[in-house]
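Undergrad: Predicted coordinates and the sequence they were generated for:
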Amino acid sequence: MRVGTRGSKLALTQTTTAAEAVAAAGGFTPELVTIRTEGDVLTGPLSQMGGTGVFATALRAALLDGSVDLAVHSLKDLPTAPVPGLEVAAVPEREDPRDALCARDGLTLAQLPAGARVGTGSPRRAAQVRAARPDLEIVDIRGNVGTRLARVAPGDLDAVVLAASGLRRLGLQEAVTELIDPAVMLPAPGQGALALEVRAEDATGTGPLAAGLAAVDHLPTRLAVTAERELLSRLEAGCAAPVGTLARTAGDELVLDVVVADPDGSEVMRRHGSTTERTVAGARALGTRLADELLADGAGRLARLTL
Ligand SMILES: NCc1[nH]cc(CCC(=O)O)c1CC(=O)O
């Protein structure tokens, strides 16, 4: 069973873990195949790379041409539009979805001094940092997790904002000085979750791959990310848009929080919604409903500023 992965340390770590879980449940041996994607080759701000899918397209092509049988993606890097012939057959249990501040001297967002320099390449993170702390300076950065973390140094940056999940998977959780409360910063749709994608004919049935995938699928995570991604696609916003959202199951409800910000954080729209229909269709309907409420209130104008 050939498993496609990006070559970054984070991608290799999370693909290995996911592939081993699927393989153990399905009873086969995985072989990792590293694939260079556009997002790994190009430099410059991600938000200006011309659309979504810079990390996923090459992996999807490898699935379609048969050179791999399973692709492991960070769900937040996967475009919401379905690809004919492919299916996200499993979404394993999500890691911590929150964003993490990694600051010098153990500082939190509230404790950073005025004028402190905070690195992020994400318009979503930048807008929410600006909304919470208009007195900080945002510095546009890129690179893999290790590269970005290394920028926290005297004479350079005071802090960076990264996904807690990525840091944890890399064993770098010591660098986190604050797990940012979703009331202050909502994560990207799907953050902290993985998508296990296969050719549609392998998604169901009695084969070892389908059996392994069914064993690692986690329904509460699938419902949460379905609501988040439906909202994102309804807003027609890409992965680089200033849209934060987080869904979770609470008791017998699925609840969804959303923020749409203009890039400078001076205008921020928040919405909260819930449903008792804990099915994929119910999750979709919840995402659609909140997106429509936001669009009716002018969110399109805010979000489109950076698209
Ligand atoms: N776009 C980069 C990216 N894609 C997935 C992750 C790791 C977090 C995750 O599992 O969602 C990261 C790094 C980051 O945002 O800090």
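TA: Thanks, I have the structure now.
Undergrad: Using PDB, write out the CA atom coordinates for stretch 104-116.
TA: Extracted as PDB, the C-alpha positions of stretch 104-116 are listed here (Å, rounded to 0.1, in the frame of the first residue of the first chain):
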ATOM      1  CA  ARG A 104      10.100  35.000  24.100                       C
ATOM      2  CA  ASP A 105      10.300  34.900  27.900                       C
ATOM      3  CA  GLY A 106       7.100  32.900  28.400                       C
ATOM      4  CA  LEU A 107       4.900  35.800  27.400                       C
ATOM      5  CA  THR A 108       1.200  35.600  26.500                       C
ATOM      6  CA  LEU A 109      -0.600  37.700  23.900                       C
ATOM      7  CA  ALA A 110      -1.900  40.000  26.600                       C
ATOM      8  CA  GLN A 111       1.600  40.300  28.200                       C
ATOM      9  CA  LEU A 112       3.500  41.200  25.000                       C
ATOM     10  CA  PRO A 113       4.800  44.800  25.300                       C
ATOM     11  CA  ALA A 114       3.300  47.500  22.900                       C
ATOM     12  CA  GLY A 115       5.200  47.400  19.600                       C
ATOM     13  CA  ALA A 116       6.200  43.800  20.000                       C
END
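Undergrad: So which bits of it are buried?
TA: Applying a neighbour-count criterion of 16 or more other C-beta atoms under 10 Å, the buried positions in stretch 104-116 are 107, 109, 112, 116. C-beta here means a position set from N, CA and C on the backbone, and glycine is covered the same way.
Undergrad: and the residues you listed near the ligand, which?
TA: By C-beta under 6 Å from any ligand atom, no member of those lies near the ligand.
Undergrad: out of these, who's nearest Met269?
TA: Of all the buried residues of stretch 104-116, the one with the least separation from Met269 (C-beta to C-beta) is Leu109, at 20.7 Å.
Undergrad: give me the element that closest one is part of.
TA: Secondary structure here is read from DSSP states H and E; on that basis Leu109 sits in neither a helix nor a strand.
Undergrad: does it really touch Ala131, like I thought?
TA: No: the pair formed by Leu109 and Ala131 falls short of the contact definition of C-beta atoms under 8 Å, at 11.1 Å.
Undergrad: Count the neighbours of Pro84 for me.
TA: As a burial measure, the neighbour count of Pro84 was computed by other C-beta atoms under 10 Å and equals 6.
Undergrad: can you map out the strands along the stretch 201-307 of the chain?
TA: With DSSP state E, counting those that start in this stretch as the definition, the stretch 201-307 of the chain shows strands at residue ranges 243-250, 253-261, 268-275.
Undergrad: pLDDT averaged over the longest one - what is it?
TA: With pLDDT averaged residue by residue, strand 253-261 scores 96.
Undergrad: Then stretch 98-112?
TA: For stretch 98-112, the mean per-residue pLDDT is 98.
Undergrad: now it, how far from the centre of its chain.
TA: Taking C-alpha atoms, centre = their mean, to the nearest Å, one finds the center of stretch 98-112 at 20 Å from the center of the full chain.
Undergrad: for the residue lying closest to Glu230 once chain neighbours are set aside, what are its contacts?
TA: Setting aside the residues directly before and after it, Glu230 is nearest to Gly287 in space (C-beta to C-beta, 6 or more residues apart in numbering), at 3.0 Å. Each residue near Gly287 by C-beta atoms under 8 Å, 6 or more residues apart in numbering is listed here: 226-232, 234, 247, 256.
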